[in-house]
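[1] model the structure of this input:
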Amino acid sequence: MSIVLRCGLASGLVVALAALQGGCVPKKGPQAGFLQQVESGTGLPQDVIRTSTGDLAITFVGHGTLMFGWGDKVIHVDPWTQLADYSLLPKADLILITHEHRDHLDPKAVSTIRKDDTQIILTQACVEQIPDGIVMANGDMRRVLGLTIEAVPAYNIVHKRNTGQPYHPRGSGNGYVITFGKTRVYVAGDTENTPEMKGLRDIDIAFLPMNLPYTMTPEMVADAAKAFKPRVLYPYHYGEADTSELVELLKDYDIEVRIRPMK
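    Predicted coordinates for the structure are as follows:
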């Protein structure tokens, strides 16, 4: 079945991105009416999700970095200048930073996309570099720009440095559940398959990291996905991991695994 997508549907972000190189090109998607892949015109892949309050555009910048467009709002997650020229991307209404590591917290990227009224949500460990953000601790919930944001603990249980210190200690990092209308999107940050992750419910879209030794193996990602059952799962920040292993592990489950260039 063919899918017709008008460029303006996925919010002002899709229009702005498409305008850079002449429009968006619709492609077939396995969940017609829910999620479609389009070309944004920036050279960055993009999917569009239909929500109860309009289309949500997801731009896959790379690694652990994402950009969301919803209505007239632009949300950047862990912007990193190594991945994109942020002077060419839309300015942020909201920036979410999961933790303080340099590939997730890049002050140069933040300053490039920041406006006078941009709101920044971050962790306490990030305050030294971005002192004027909104600190959310694990378990906090806030309402920002019409969005409900929930901070989910992000930490290692198994994978540790030679000193015995986890790569990501408990209490330092956040994942975020962002609710767009009635659509719940979980961006996990750098973490393993923690009890808090496995206890999530009603997640439509999940981004789970899959790179060793810092986050999860395909088996750990599959274990978490089987527990909280997202409708669509994107492995991200996956480095050299074999994404086909994850696809195979979840082939008998009602979870669509979507692979995008998110090394």
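[2] CA atoms for contacts and neighbours, from now on please.
    OK.
[3] tell me the phi and psi of residue 109?
    Here is the backbone geometry of residue 109 (degrees, to the nearest 10): phi -60, psi -40.
[4] okay, now it: neighbour count?
    The burial count assigned to residue 109 is 18, neighbours taken as other Cα atoms under 10 Å.
[5] I'd assumed residue 79 was in contact with it.
    Yes - the pair residue 109 / residue 79 is scored as a contact, 5.8 Å apart, by Cα atoms under 8 Å.
[6] intersection of neighbour lists for the two?
    Counting by Cα atoms under 8 Å, 6 or more residues apart in numbering, residue 109 and residue 79 have no common neighbour.
[7] may I ask which helix or strand of this structure has the lowest mean pLDDT?
    When each helix and strand of the chain is scored by mean pLDDT, DSSP states H and E, helix 11-21 comes last, with a mean of 39.
[8] so, low pLDDT: which residues of this protein?
    Per-residue confidence for the chain (pLDDT under 70) gives these ranges: 1-35, 37-42.
[9] most centrally placed residue in it?
    residue 187 (4.3 Å; Cα atoms, centre = their mean).
[10] could you find the closest non-adjacent residue to that one?
    The spatially closest residue to residue 187, leaving aside those adjacent along the chain, is residue 207, at 4.9 Å (Cα to Cα, 6 or more residues apart in numbering).
[11] tell me the contacts of that neighbour?
    186, 187, 188, 233, 234, 235, 236.
[12] beta partners for it?
    Residue 207 forms beta bridges with residue 187, residue 234, as assigned by DSSP bridges.
[13] do I have it right that the residue nearest to the centre of the chain meets residue 177?
    Yes - Residue 187 is in contact with residue 177 according to Cα under 8 Å; the separation is 6.4 Å.
[14] how far away is the most far-flung residue of the chain relative to its centre from residue 193?
    Computed with Cα atoms, centre = their mean, the maximum C-alpha offset from the centroid of the chain is found at residue 163, amounting to 30.2 Å. Counting by Cα to Cα, to the nearest Å, the separation of residue 163 from residue 193 is 22 Å.
[15] got the end-to-end distance for stretch 50-58?
    First residue to last in stretch 50-58 (Cα to Cα) measures 11 Å.
[16] likewise for stretch 135-149?
    When the end residues of stretch 135-149 are compared by Cα to Cα, they are separated by 12 Å.
[17] distance from the chain centre to it, please.
    15 Å (Cα atoms, centre = their mean, to the nearest Å).
[18] what number of residues lie near the closest residue to residue 124 other than its chain neighbours?
    In space, residue 124 comes closest to residue 135 once its chain neighbours are excluded; the distance is 5.8 Å by Cα to Cα, 6+ apart. A count of nearby residues for residue 135, using other Cα under 10 Å, gives 17.
[19] for residue 135, what are phi and psi?
    Torsion angles, degrees, to the nearest 10, at residue 135: phi -80, psi 130.
[20] correct me, but it touches residue 119?
    No - look at residue 135 against residue 119 with Cα under 8 Å: they stay out of range, at 10.9 Å.
[21] rewinding a little: the residue nearest to residue 124: what's it in contact with?
    If a contact means Cα under 8 Å, 6+ apart, then residue 135 has 121, 122, 123, 124, 127 as its contacts.
[22] switch the cut-off to 7 Å
    In this structure, residue 135 makes contact with 121, 122, 123, 124, judged by Cα atoms under 7 Å, 6 or more residues apart in numbering.
[23] roughly how far does it sit from residue 127?
    8 Å.
[24] and if you look at residue 187?
    When Cα to Cα is applied, the distance between residue 187 and residue 127 equals 21 Å.
[25] same question, residue 206
    When Cα to Cα is applied, the distance between residue 206 and residue 127 equals 27 Å.
[26] which residue of those two possesses the greater neighbour count?
    residue 206 (23 against 14).
[27] next, work out how far apart that one and residue 78 are.
    Where residue 78 is concerned, residue 206 sits at a distance of 16 Å (Cα to Cα).
[28] you'd agree residue 200 is up against residue 227?
    No - because the distance of 8.3 Å does not satisfy Cα atoms under 7 Å, residue 200 is recorded as not touching residue 227.
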